[in-house]
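**Q** Turn this into a model:
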Amino acid sequence: MSLKIIVTDTQSALGQTLEHDLEREQCQLLSPKIHWEDAAAAREYLVQHKPDIVINTLAWEEIPSAEQQALIPIVAANIASACASLGVPLIHFSSYQVFGVDNKSSHSEKDIPAPVSAEGRAFFAAEQAIEHSAARYIILRLGWIIGSIGNNHLTRLLTAIQTQQPITLNTRLRGAPTLLSDVVRVCVALVKQISCGSDNWGVMHYCSGDALNEAEFGEQLVQLLAQQQLLKHDANFTLIDSTPTTEPLSAVLGCRRIRDSFGVQARPWRPSLLPLVKQWFHNQANQ
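**A** Numbering: from 1, shown residues only. Next up is the predicted model:
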């Protein structure tokens, strides 16, 4: 894979993991520290460096801050416009949070977004900006993310457990935890197939194939910590059973389109939970 690839942000957990994997491929990786919110600067950089593919990870977090929420749609619009004018394919990351509070057990690409949170509205505005451009794009929506770095479902729970913070878990919230490394595996597979002439574009979903509710995930994590003698005290869990007003009930995403278009198969997350937990503890010990 001899390609020139721009990754717009390698500071986030997703960007760091993607950079690490792409460095092992035969490609020229560019990670510019420019102001992507400046449309002229974004276009000028692409004109100057003539990339084969742009991967937009800028400001992507499972729960982006208010500052990141403001950046997400602006940057997406600027990059999509520049990619469209130069004929450069774009891969952009989005989120299950674009969906609303409904009774669906999983969401397909055909479901109409109706975000109920500020984060969801930012992600959806970015999607709309890209869709309104003339770019060749893949918008990859992700479900619950777990990893040993960054702000995600796993790190938030581990931090709360270790610092004896109260934790509220909703038995109605469902997701299919998906490793950061698995997301990157999928992204690299898309890049390789695009470079070989694949002409499949649009919105696609990816998450693992193993769903459970928020409380079950917390309970499994505590059980693993106890087995590994990493649980210093009881976890301060409060279980609730109520319909949220600012988050989709289900973060489970139907992945049929990415499977049919690119042959991507979902991977389980449970075998990787212990290595992730051990890596998180290692990271904490070395801070």
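
**Q** Do a quick rundown of the helices in the stretch 51-200 of the chain.
**A** In the stretch 51-200 of the chain, the helices defined using DSSP state H, counting those that start in this stretch lie at 66-86, 118-132, 153-162, 180-195.

**Q** can those helices go into a markdown table with extra columns for mean pLDDT, mean neighbour count and distance to residue 143?
**A** Any C-beta I mention is one placed from the backbone N, CA and C, and that applies to glycine too. Shown next, in a markdown table, are the helices of the stretch 51-200 of the chain (pLDDT from 0 to 100; neighbours: other C-beta atoms under 10 Å; distance: least, C-beta to C-beta, whole Å):
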| stretch | mean pLDDT | mean neighbour count | distance to residue 143 |
| --- | --- | --- | --- |
| helix 66-86 | 96 | 20 | 18 |
| helix 118-132 | 97 | 20 | 13 |
| helix 153-162 | 94 | 20 | 10 |
| helix 180-195 | 96 | 20 | 10 |
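
**Q** which one of the ones you listed lies closest to residue 4?
**A** Closest approach to residue 4 among the helices of the stretch 51-200 of the chain is made by helix 180-195 (10.6 Å; C-beta to C-beta).

**Q** helices and strands around the closest one, which ones?
**A** strand 3-7, helix 13-22, strand 53-56, strand 90-95, strand 137-142, strand 145-146, helix 256-262 (3 or more C-beta pairs under 8 Å, 6 or more residues apart in numbering; DSSP states H and E).

**Q** And these: which comes nearest residue 215?
**A** Closest among the helices and strands packed on helix 180-195, once you apply C-beta to C-beta, is strand 145-146, at 15.7 Å.

**Q** which residues sit against the closest one?
**A** Contact partners of strand 145-146, identified using C-beta atoms under 8 Å, 6 or more residues apart in numbering, comprise 14, 62, 152-154, 177-180, 183, 269, 273, 276.

**Q** before we move on, back to that, dump the helices and strands packed on helix 180-195 to a markdown table, plus mean pLDDT.
**A** Formatted as a markdown table, the helices and strands packed on helix 180-195 follow (pLDDT from 0 to 100):
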| stretch | mean pLDDT |
| --- | --- |
| strand 3-7 | 96 |
| helix 13-22 | 94 |
| strand 53-56 | 98 |
| strand 90-95 | 98 |
| strand 137-142 | 98 |
| strand 145-146 | 96 |
| helix 256-262 | 96 |
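
**Q** and of the ones you listed, who's closest to residue 210?
**A** strand 145-146 (11.5 Å).

**Q** Phi, psi for the residue in the chain sticking out farthest from the centre please.
**A** Residue farthest from the centre of the chain, counting by C-alpha atoms, centre = their mean, is residue 233 at 31.5 Å. Here is the backbone geometry of residue 233 (degrees, to the nearest 10): phi -160, psi 170.

**Q** which non-adjacent residue is nearest it?
**A** residue 164 (6.3 Å; C-beta to C-beta, 6 or more residues apart in numbering).

**Q** pLDDT score assigned to the one you found?
**A** For residue 164, the pLDDT comes out at 90.

**Q** how many neighbours does it have?
**A** 12 (other C-beta atoms under 10 Å).
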